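Novice: predicted model follows, preceded by the sequence.
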Amino acid sequence: MAVNLKEMKKEWENKFLNSGKFKERKDCFKTDSGIEIERIYLPDESFDYATKLGFPGEYPYTRGIYPTMYRGRIWTMRQYAGFGTAEETNKRFKYLLEHGQMGLSVAFDLPTQMGYDSDHPMAEGEVGRVGVAIDSLQDMEILFDGINLEKITTSMTINATAAILLAMYVAVAKKQGADQKKISGTIKNDILKKYIERGTYFYPPQQSMKLIVDIFQ
């Protein structure tokens, strides 16, 4: 015989909550977004589990992109780091990796994020202050000297100049002899956020969006 969950829920509420035996602290509970929270949640009879939720590692990936998730491999732990010169930051990266860090997260200085070389007049007083200064491919090679980019994933917090820094990163990996299919990591590539919030953008929104999708491609 099929179980009517709605009727069971009604009986449960009448037995415990509506009888006055168990009182709630408030008449209504809501999330920070103002959405009312129900007393209890049950499966919806009309809900199509296979297509709307699915299993871990399968489309639509609402339960994780890998079948085992953190049971198979723990998340990558990385510390946001970058200051001064490429040499100094390289030493910091190696120190962090030696002490258990599993990936890298690169902080670039403001001139690098804005596309200025360190000797540009607009970069005066800002070089290496809030991140590492990267002006050339040689700087990028020094930054990752002695670090196997085939085995280490790298997160780069970079937006307007993301395409340039990504190209440099791939070039360094190629020079190391790394298999390009094994190079992994992320770039921020969120130019619209910089347009709205911080001002470190190059182009108006439409052109910025074109740059973002070009990087995807």
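Specialist: Yep, it's here. Numbers count the residues shown, from 1 in each chain.
Novice: can you tell me the helix or strand for Ser155?
Specialist: Using DSSP states H and E, Ser155 sits in strand 153-157.
Novice: show me what the helix or strand that that strand is followed by is packed up against.
Specialist: From strand 153-157 onward toward the C-terminus, using DSSP H and E, the following helix or strand is helix 162-176. Contacts defined by 3 or more Cβ pairs under 8 Å, 6 or more residues apart in numbering; DSSP states H and E place helix 162-176 against helix 137-143, strand 153-157, strand 185-187, helix 205-216. All C-beta spots, glycine's among them, are computed from the backbone N, C-alpha and C.
Novice: what sits up against the longest one?
Specialist: If you take Cβ atoms under 8 Å, 6 or more residues apart in numbering as the criterion, helix 205-216 is touched by 160, 162-163, 166, 187, 189-192, 195, 201-203.
Novice: tell me what the helix or strand bottoming out on mean pLDDT in the chain is packed against?
Specialist: One helix or strand of the chain scores below all others by mean pLDDT, DSSP states H and E: helix 49-52, with a mean of 77. The contact analysis (3+ Cβ pairs under 8 Å, 6+ apart) places helix 49-52 against no helix or strand.
Novice: and the pLDDT at the residue lying closest to Thr112 once chain neighbours are set aside?
Specialist: Computed as Cβ to Cβ, 6 or more residues apart in numbering, the closest residue to Thr112 that is not its neighbour in sequence is Ile134, at 4.9 Å. With respect to pLDDT, Ile134 has a value of 97.
Novice: from Asp109, how far off is Ile134?
Specialist: Going from Ile134 to Asp109 by Cβ to Cβ, to the nearest Å gives 8 Å.
Novice: give me the number of residues near the residue nearest to Thr112?
Specialist: Residues within reach of Ile134, counting by other Cβ atoms under 10 Å, total 29.
Novice: where's it, which helix or strand?
Specialist: Counting by DSSP H and E, Ile134 is part of no helix or strand.
Novice: quick one: contacts for it?
Specialist: Ala86, Phe108, Thr112, Met140, Leu143, Leu165, Met168.
Novice: hey, C-alpha coordinates of the least confident helix or strand of the chain in PDB?
Specialist: Coordinates of the C-alpha atoms in helix 49-52 are reproduced here as PDB (Å, rounded to 0.1, in the frame of the first residue of the first chain):
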ATOM      1  CA  TYR A  49      15.200  12.500  -8.600                       C
ATOM      2  CA  ALA A  50      17.000  11.000 -11.600                       C
ATOM      3  CA  THR A  51      16.900  14.100 -13.800                       C
ATOM      4  CA  LYS A  52      16.600  17.000 -11.200                       C
END
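Novice: so what touches it?
Specialist: Contacts for helix 49-52 (Cβ under 8 Å, 6+ apart): Pro60, Thr62.
Novice: which residue ranges form the helices in this protein?
Specialist: Residue ranges of the helices in the chain, as given by DSSP state H, are 5-12, 49-52, 86-98, 110-114, 137-143, 162-176, 191-193, 205-216.
Novice: tell me which of the ones you listed sits nearest to Gly128.
Specialist: Closest of these to Gly128 is helix 86-98, at 8.1 Å (criterion: Cβ to Cβ).
Novice: how many other residues sit next to Asn159?
Specialist: As a burial measure, Asn159 scores 26 neighbours (other Cβ under 10 Å).
Novice: isn't it up against Tyr195?
Specialist: No. Look at Asn159 against Tyr195 with Cβ atoms under 8 Å: they stay out of range, at 9.2 Å.
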